[in-house]
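Q: Model the following, please.
(2 chains)
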Amino acid sequence: MAKALEGIRVIDFTVWFQGPVSAQYLADFGAEVIKVENPKGGDQGRGVRSMKALAIGDWNQYFLVINRNKKSIAIDLKKPEGQEILYKMVEKSDVFLSNMSPALLAKMNLSYEKLSAINSKLIYATNTGYGRFGDVSKPSFDMTVQALTGAMARLGEPGQPPIYMGMGSGDAFGGIMSAMGIAMAIYQRNKTGKGQCLDASLYGAQLYLAAPFLQSFLAGNKHTALQQSRKEVVNGLWNLYPTTGKWVYICEENNDQRFAALCSALGDDTLRVDTRFDTAQKRLHNNVALIAAIDAITSLKTDSDLLAGLAAFEIVHSPVSNYADVVKDEQAWQNNYFMKAYCEEVKREVKVRGLPVTLSKTPGEVNTLGPQLGQDTELLMMDLLGYEWDEIEAFKAAGAIP
Amino acid sequence: MSAALDDVIVLDLTNTFSSSLSAAFLADFGGSVIRIEFSDQQSEPRPTEGNWDYEADLIHRNKQSVVLDAGMEQGRKLLAELANKADVIVTDWEIPKLRVLGLDYGTLSKSNPGIIFGRTSGFGPSGPDKDLPVIDELAACRAGAMPTLQQPGEPPVYTGAGAMHATVMLAFGVITALVHRQATGEGQEVDTSFFAANMYGASLDLQAFLAIDEDQRERIMHPISRLDVSNPISGSLYPSSDGRWVTLTMPDTDRWWPLLAPAVGIDVDDDRFNTHEKRCEVNRLELIQELEAGFGRHPGAHWRQLFAEKQMSADVIEQFDYPAQDPQVAANKYIVELDHPSFGKVKSLGFPIFMSDTPARLKSLAPCLGQHTASVLHELLGYTEDEIYQFTNEGVVV
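A: From the prediction side, this is the model:
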């Protein structure tokens, strides 16, 4: 099958989550992604073996999934000989991507100025924490940056703690933002032959996580910064409702016809004739009472009862599923949102999250899971970089490669 | 200065904030994005009551607007001509609506085989639910994370982040397809869905769930109290003395403990907490209680300053006023100040990606309805002034 990013070579000098995810998107669509790792342990992500105090299975899914379809070369970049190898890679690559800080990269002689002097066609991409400009340089992780955006503080019931959007939520978002920027720079480079420097920071991306609300706040709507109770949403026909089992989201416009259908679906005639709710305007005005009235009906029903009623009257709705439901969801499997891949570590097929973007003629692929540390070092030294075996031996003797 | 996408013509056929913003990102980097709206359909402009239409000036910035009557044969003919000139379609319309207008991929690709047809769907291009409505709430419900985010006993939380994830995924897919077309001339369909986007937003938990032993799955499926987190100093929340929330991400507790312990009034060598195992397993709950007390001794401002001084991976949770005023945000143009002709200086979300040679830029605010109808018909389709005048008189265009 044809690959969209065929012929693009990426030096992936990233660790943990955002940077690796960004390069994973490029690798999924056919770029040759070479992960450059420190020979002593490599990417720290290789060490993540548990989450929420749970051993995450017998294979290292944190690292292996976001580093799939990649090669690994182990180089000690503190040694001049190691830097020489990397510079040679830069000559032969299209993209350099790192989520180290620009200051650290400069200290390692890997600044944009340095690398673009070696290869003017190079796209030099960073994933900083807080952007390339300004003074902030402290360590950044998904949640500590999400904290600053205001996106957490507006979620949850009033008085409850702010809501974190899930493990890796902001990193994954920063990763796709970075992949989009890199793809655009490749498109531009293909026209002009000239590379450039780009940055997609965790902070810059995450400010868009709650874009509709932040934009509204900037226009003076101060309440969008605050937690809002589900008991007080403006349109009671577009809301979450409890049952004795799963919660159910009802998504209907506030008009008489849909309200009548909802009343039928709930099987409740008192609601239908309640004069507090008999016009769209009154339903908006008496929203708190309306939500309480619907709550009183749904909370006595089982989820399957409520769902059957909603389906019978074609109310737009969904039950709130849990992870056990989604991993069995046929829709997810048929669209390759989940896939199976062979895992060398446990010598069997494992289930992985797949391809959330579908390209009809150049679909992404999952061919291999993440590489062993340095597994491609010698082969890349010979085939890509053209070193002779005695030169490779010399690099080994100098400790530049293992 | 050149722009990365200055040779790309995009037709914007979108309703949702999410997909309209995908097209705006293409426009920010130089794409000629032509937003199509129909004069014969009741469009309900958001009531702004004379206030700034802040949403349009974000999701339709840098676009052109063409309004035509797709109920008239001549209107549909113009639509087809526009689609034949386009390199990219960005849409979130339902497939039947696209088909009636001859704007589905099957029809378009016959006369314009190089077209890249980007669509946000609800649940993906295949499968039994491919035609469900394109509503992010429905997709979020299906992705599994909603019942896990809140504190135990609280209602599930719809974050809206999935739709934003879809925005960027669609733009990424379209640009990747453009790169493929550069090499081969081949167009194709690009689909991302709110379902996929929500699944990816919850990627770590979901992937862990796939890999984990059956008997351990319960803990990941349900909310975890902030007073029961697995690592007391990573992914945790504690209130400060002034009711702010402090959050810490220090997964490597051996590295951070010597800095953190004295700050919260615990002896570094306290033998209840002097190994990672004691901190995260043996005496985990006791440490959480100590930290709850420790962080409660000082206000949020104290903690912010301390985290900055010690370069600690921790922060105080802020509301939107923080990024709105943050010099770091302004320095990176993540939020920009606009000079609005009617409302003066206003702030708007800016550009999340920095590019040194082809930066995003604001050329224009959201267009007025039909503002560019005549110029697009003339410049792109080659109609004369007289012909355009006639179209206008007949009500074909506005």
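
Q: any weak-confidence spans in chain A?
A: A:53 (pLDDT under 70).

Q: For chain B, give me the ranges with low pLDDT.
A: B:1, B:42-47.

Q: tell me the centre residue of it?
A: B:Met164 (2.2 Å; C-alpha atoms, centre = their mean).

Q: wait, doesn't that residue sit right on A:Phe173?
A: Yes: the pair B:Met164 / A:Phe173 is scored as a contact, 7.1 Å apart, by C-beta atoms under 8 Å. (Glycine included, C-beta is placed from N, CA and C.)

Q: which residues touch residue 156?
A: This is for chain A. Going by C-beta atoms under 8 Å, 6 or more residues apart in numbering or on different chains, A:Gly156 touches A:Pro162, A:Ile163, A:Gln227, B:Gln150, B:Gln151, B:Glu154, B:Val157.

Q: The intended chain is chain B.
A: Applying C-beta under 8 Å, 6+ apart, the residues contacting B:Pro156 are A:Leu240, A:Trp247, A:Val320, B:Met146, B:Pro147, B:Leu149, B:Gln150.

Q: nearest residue to the third one other than its sequence neighbours?
A: Right, the one you point to is A:Val320. Nearest non-adjacent residue to A:Val320, counting by C-beta to C-beta, 6 or more residues apart in numbering or on different chains: A:Trp247, 4.3 Å away.

Q: That neighbour and A:Lys282: what is the separation?
A: 26 Å (C-beta to C-beta, to the nearest Å).

Q: which of these two has more neighbours?
A: Legend: neighbour count by other C-beta atoms under 10 Å in any protein chain shown for A:Trp247 and A:Lys282, higher for A:Trp247 (21 against 15).

Q: what about A:Trp333, which helix or strand?
A: helix A:330-334 (DSSP states H and E).

Q: Run through who's touching that helix.
A: A:Val326, A:Phe338, B:Phe123, B:Gly124, B:Ser126, B:Gly127, B:Pro128, B:Asp129, B:Lys130, B:Arg142, B:Phe195, B:Met199.

Q: which residue ranges form the strands in chain A?
A: Listed in chain order, the strands of chain A (DSSP state E) span A:9-13, A:32-37, A:50-51, A:54-55, A:70-74, A:95-98, A:123-126, A:197-200, A:238-241, A:248-251, A:317-319, A:338-343, A:348-353, A:357-359.

Q: Any chance of TSV for the ones you listed, columns mean neighbour count and distance to chain B?
A: As requested, the strands of chain A are exported to TSV (neighbours: other C-beta atoms under 10 Å in any protein chain shown; distance: least, C-beta to the nearest C-beta, whole Å):
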stretch	mean neighbour count	distance to chain B
strand A:9-13	24	13
strand A:32-37	24	14
strand A:50-51	20	5
strand A:54-55	16	5
strand A:70-74	23	17
strand A:95-98	25	12
strand A:123-126	27	9
strand A:197-200	26	4
strand A:238-241	21	6
strand A:248-251	21	5
strand A:317-319	21	4
strand A:338-343	18	7
strand A:348-353	18	4
strand A:357-359	26	4
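
Q: The residue nearest to A:Val320 against A:Leu240, yeah?
A: Yes: between A:Trp247 and A:Leu240 there is a contact at 5.3 Å, judged by C-beta under 8 Å.

Q: So is stretch B:52-65 next to chain A?
A: Yes: using C-beta under 8 Å from any C-beta of the partner chain, stretch B:52-65 reaches chain A at B:Trp52, B:Tyr54, B:Glu55, B:Leu58.

Q: Report the contact partners of the spatially closest residue to A:Asp274 that is not a sequence neighbour.
A: Once flanking residues are discounted, A:Asp274 sits nearest to A:Ala293: 7.0 Å by C-beta to C-beta, 6+ apart. Counting by C-beta under 8 Å, 6+ apart, A:Ala293 touches A:Leu271, A:Asp274, A:Phe277.
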